[in-house]
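Student: What shape does this take:
(one chain, ligands or ions: 2)
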Amino acid sequence: MPCLEMLIELFRQNGRKITPQRRLILEVLTQHSEHPTAEEIYQQVVITMPDVSRATVYNTLRELMTLGGVTEAFESGEGGVRYETNPGNHHHLFCTRCYKLVDIHHDFAEVALSPGELAGYQIVGHQVTFYGLCPDCQEREKDEVLSSEM
Ligand SMILES: [Zn+2]
Ligand SMILES: [Zn+2]
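Tutor: Residues are numbered from 1 along each chain as shown. Ligands and ions are numbered 1, 2, ... in the order given. The predicted structure is shown next:
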């Protein structure tokens, strides 16, 4: 998780101004536990600063992405893309129903490609994603089956 000061520093080093709005957006981003969408950040930001526009939030995130402070993680359905704030090497559990994306830290020592499969690529990392239903969605599906049987 990048800390707030690191992201502010990143903006400053690249000649960007840190407005109170931006500072708050970065603050919300770094406090969010994992992979927020722009919309989720916006909803948090307006609690403190009701006059911040969606455009400001989206633009700040886009700029941060250009600077390498976050990366796009996954399409998350209606909420748009989720932002990856964890710069470390890690993997994911992805719920195909509610689009929840959870970090997992596991060393897949055996994930490797042969030189032929690499097709000349110089590899900087790899990420493994497990797709499935999260516990909440499994419960919801059970309830749905029950209510449809009644
Ligand atoms: Zn789910
Ligand atoms: Zn992640």
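Student: chain center to the helix or strand bottoming out on mean pLDDT in the chain: distance?
Tutor: Using mean pLDDT, DSSP states H and E, the weakest-scoring helix or strand in the chain turns out to be strand 71-75, at a mean of 79. Computed by Cα atoms, centre = their mean, to the nearest Å, the chain-centroid distance of strand 71-75 equals 6 Å.
Student: Show me what counts as buried in that strand.
Tutor: Neighbour counts over strand 71-75 (16 or more other Cβ atoms under 10 Å) mark Ala73, Phe74 as buried. (C-beta placed from N, C-alpha, C; glycine too.)
Student: which strands and helices sit next to the very next helix or strand once past that strand?
Tutor: Downstream of strand 71-75, the next assigned helix or strand under DSSP states H and E is strand 81-84. In terms of contacts (3 or more Cβ pairs under 8 Å, 6 or more residues apart in numbering; DSSP states H and E), strand 81-84 is packed against strand 71-75.
Student: try it again with 10 Å
Tutor: On a contact count with 3 or more Cβ pairs under 10 Å, 6 or more residues apart in numbering; DSSP states H and E, strand 81-84 meets helix 38-48, helix 54-66, strand 71-75, strand 91-95, strand 101-104.
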